[in-house]
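Engineer: Let me see the structure of the following:
(2 chains)
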Number of protein chains: 2
Amino acid sequence: MQPSNPPPPTSSIDQRIVASLRSVLSEGIHSLHEPCFHGNEQTYVQDCILSTFVSSVGAYVDRFEQELSTYTGAKRAIATVNGTAALQVALKLAGVQAGDEVLVPTLTFIATANAVNYLGATPHFVDSEAQTLGLDPAALRAWLEHIAEASGDGFRNRVTGSRLRAIVPMHVFGNPCDLDGLQAIARDYRLVLVEDAAESLGSFYHDCHTGTFGKLGTLSFNGNKIITTGGGGAILTNDDDLADQAKHLTTTAKRPHRWEYLHDDIGYNYRMPNLNAALGCAQLEQLPMFLDSKRRLTDRYQEAFGKLIESGTVRLLREPTGCFSNYWLQAIILEERHEHKLESILISTNDAGLMTRPSWSLMHQLPPYQGCPHAPLPVAESLARRIINLPSSAGLV
Amino acid sequence: MQPSNPPPPTSSIDQRIVASLRSVLSEGIHSLHEPCFHGNEQTYVQDCILSTFVSSVGAYVDRFEQELSTYTGAKRAIATVNGTAALQVALKLAGVQAGDEVLVPTLTFIATANAVNYLGATPHFVDSEAQTLGLDPAALRAWLEHIAEASGDGFRNRVTGSRLRAIVPMHVFGNPCDLDGLQAIARDYRLVLVEDAAESLGSFYHDCHTGTFGKLGTLSFNGNKIITTGGGGAILTNDDDLADQAKHLTTTAKRPHRWEYLHDDIGYNYRMPNLNAALGCAQLEQLPMFLDSKRRLTDRYQEAFGKLIESGTVRLLREPTGCFSNYWLQAIILEERHEHKLESILISTNDAGLMTRPSWSLMHQLPPYQGCPHAPLPVAESLARRIINLPSSAGLV
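Structural biologist: Okay, here's the model as predicted:
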């Protein structure tokens, strides 16, 4: 395909962004993210149906879990019905109880906060780092120095009186956040670190896979993720006991018996069906190819947006030094002086058939979470006015 | 296949039951329930993958919902990730709040109680009827006369002080329970009726489909059900507003917008993936055939167990007069004087490769629910010592 002519420097930002995208992407409509099924998907799913084991027990679930464990380096992986379910169970296993507060970014998808809420705990929203878009350890430490006080064997929020129990970083768009800084805070404030790695399968922080730094981590395989199982997720942990508990809790807490139905806890119907795991096994085989493709796309966008970047109009989200991003969802970030152009850029690009999207609404601004405690959130609030996600499918280049 | 010789009348009950089963079933091992995939499963699932819409949006989800609505006669059907999720959301929409009590049978699968618990409400266990195995309206009315007192616009438990909010009958093994009696109680005590029809797709009470009598009803398509989507469920309702809310709550309560992420409530990631709905569409086409097959199997068991039935040793669960059962899971019920033989019958049949299973452990006897309020439960306690489920797959005869 012949790239479009470069836009004249006097055209509007809208036009220049549309032209930059068109110089990378072929004609026609491009969604934000489409899955690619060019491997063994049909074969494995057909085999799964032939086996009659399509539900919560089956060879593909076991295989998918084993391959996730091998790929991520986590000792154990437990497949679940989706990423939200994985995070809810991981938080429960981390000891989060009703009445606790859990530190989560305000710049995240609502699942992060919902998983906290489902346990009767309260999300306590904290700020993000401009470069990584993930939780900012410096801002968090300053905030905790202000509001946390030692209580029993941990810390509590001196304003609400609630126990501060856990911290849940989310690797935004697959970009690893500052785990070293967050691990230090977790240690100092006796917080359990649970990583929401829903978006970051294939992303590494200093040679270790995201989701393996905390006590537990979670993945998502929703239809828009780098690999998909239709709907699905997984819990990662290096602790065999927690892994066994995770499997127990996600399978209605039923104790193994030849025929008896003994449930020793209130568990969940959260196991991934074998049919979905079959799709996942085929997708996981193609992950290296998807990662290559997404990296190439980032480079192409870097080139295409070169002038807009050089002129300080936008920057392209790139992985931090020493990290490897899966580049799941490509993003440009408008410089502050252009933030008032966000809406018109979204309209122009979407009208041109190039699907773009702003940041999620910030959690502390959503009706159901407006009353929750939060730190000052100047960076997240600014980023939310400036982030634009770009078409990111692995099949684009 | 040549049926086995009839057992001599002097042999043990164990041997006679094994022989009766063998006279119906072919040689080899028979599980309790296996799905049958002899229709368009491969075609639809392949088509779904080719479409790339495998996740929470897609044509098969819409079609599956439409076909469920048509089949059950419910105005609307909303597909969910499983039956437990469907019941949780149905109860939420029925107005169940934290601190409420919900009347549920003790003789049920744990999902019925768990769905109540997830909302912060308490299951209040009530007794079953010997003939239908479902909630007993007479016993329930007597119990409510004893413990319910009018309070505000409803009734509360005079012992605990909690509001009595809803009643959740479950149609055990597909056998319709006495909905007329329960509807009258719901009316008299201002309880919302929500039917757990997880096991009774294809079962009708007086010409209307189970799950359509209450304000909301729920279905399950787990791997062991009469039709399966791998994992899945559905909410049924005749109320468009409740249906819209159900769809909203099961899709993270996100308001429709071209690109914005505005969630106006704490919803759930409970939508059925399109991949699973594709399987469901193929399965639903075969439901009439499965129903025929299961009815034939009941008749065959009736004949095979004839002498044991005539001698008052066991009875076979049969649909109540005026009802149509899907005969999802076949069951014999030992007469009381033989209940001490339950364990040895389970061992003998399972050792012979004929999978049988006792009743679920009763909810009020399970560790997580031992502290919950309950009525006297003599019938359920007796039934739990005497129920034996038999191999029930649609493909058996």
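Engineer: Which stretches in the stretch 1-150 of chain A count as helices?
Structural biologist: A:13-24, A:41-51, A:59-72, A:83-93, A:110-118, A:137-147 (DSSP state H, counting those that start in this stretch).
Engineer: Then the stretch 251-397 of chain A?
Structural biologist: Going by DSSP H, counting those that start in this stretch, the stretch 251-397 of chain A shows helices at A:274-285, A:287-304, A:306-310, A:342-351, A:378-384.
Engineer: Name the residues of stretch A:98-109 that are buried.
Structural biologist: Across stretch A:98-109, burial judged by 16 or more other C-beta atoms under 10 Å in any protein chain shown covers A:100-109. Where C-beta positions appear, they are placed from N, C-alpha and C, glycine not excepted.
Engineer: of these, closest to B:R357?
Structural biologist: B:R357 lies nearest to A:D100 out of these, by C-beta to C-beta, at 39.2 Å.
Engineer: What about the closest one? Give its phi and psi, please.
Structural biologist: phi -70, psi 160 (degrees, to the nearest 10).
Engineer: Read off the pLDDT value for it.
Structural biologist: Note for A:D100: predicted pLDDT of 98.
Engineer: From the structure, what's the count of residues near the closest residue to chain B within the stretch 151-300 of chain A?
Structural biologist: Closest contact between the stretch 151-300 of chain A and chain B, by C-beta to the nearest C-beta, is at A:G223 (2.3 Å). Look at A:G223: counted by other C-beta atoms under 10 Å in any protein chain shown, it has 22 neighbours.
Engineer: near chain B, which residues of the stretch 1-150 of chain A?
Structural biologist: A:34-35, A:37, A:41-42, A:45-46, A:49-50, A:52-57, A:81-85, A:109-111, A:114, A:117-118, A:120 (C-beta under 8 Å from any C-beta of the partner chain).
Engineer: so what's the closest residue to A:W328 other than its chain neighbours up against?
Structural biologist: Of all residues not flanking A:W328 in the chain, A:G174 sits nearest, at 3.5 Å (C-beta to C-beta, 6 or more residues apart in numbering or on different chains). Counting by C-beta atoms under 8 Å, 6 or more residues apart in numbering or on different chains, A:G174 touches A:199-200, A:202-203, A:226, A:325-329.
Engineer: Got phi/psi on A:G174?
Structural biologist: Per degrees, to the nearest 10, the backbone of A:G174 is at phi 90, psi 0.
Engineer: Over to A:Q330?
Structural biologist: Torsion angles, degrees, to the nearest 10, at A:Q330: phi -70, psi 140.
Engineer: per-residue pLDDT, A:D351?
Structural biologist: Value listed for A:D351 in the pLDDT field: 96.
Engineer: Same check on the one 3 residues further on?
Structural biologist: Predicted confidence (pLDDT) for A:L354: 97.
Engineer: domains of chain A?
Structural biologist: Under automatic domain parsing, the residue ranges defining each domain of chain A are A:13-37+A:287-396, A:41-285.
Engineer: With B:T237 as the reference, name the closest of those domains.
Structural biologist: By C-beta to C-beta (comparing all of the domains of chain A), the closest turns out to be domain A:41-285, at 21.1 Å.
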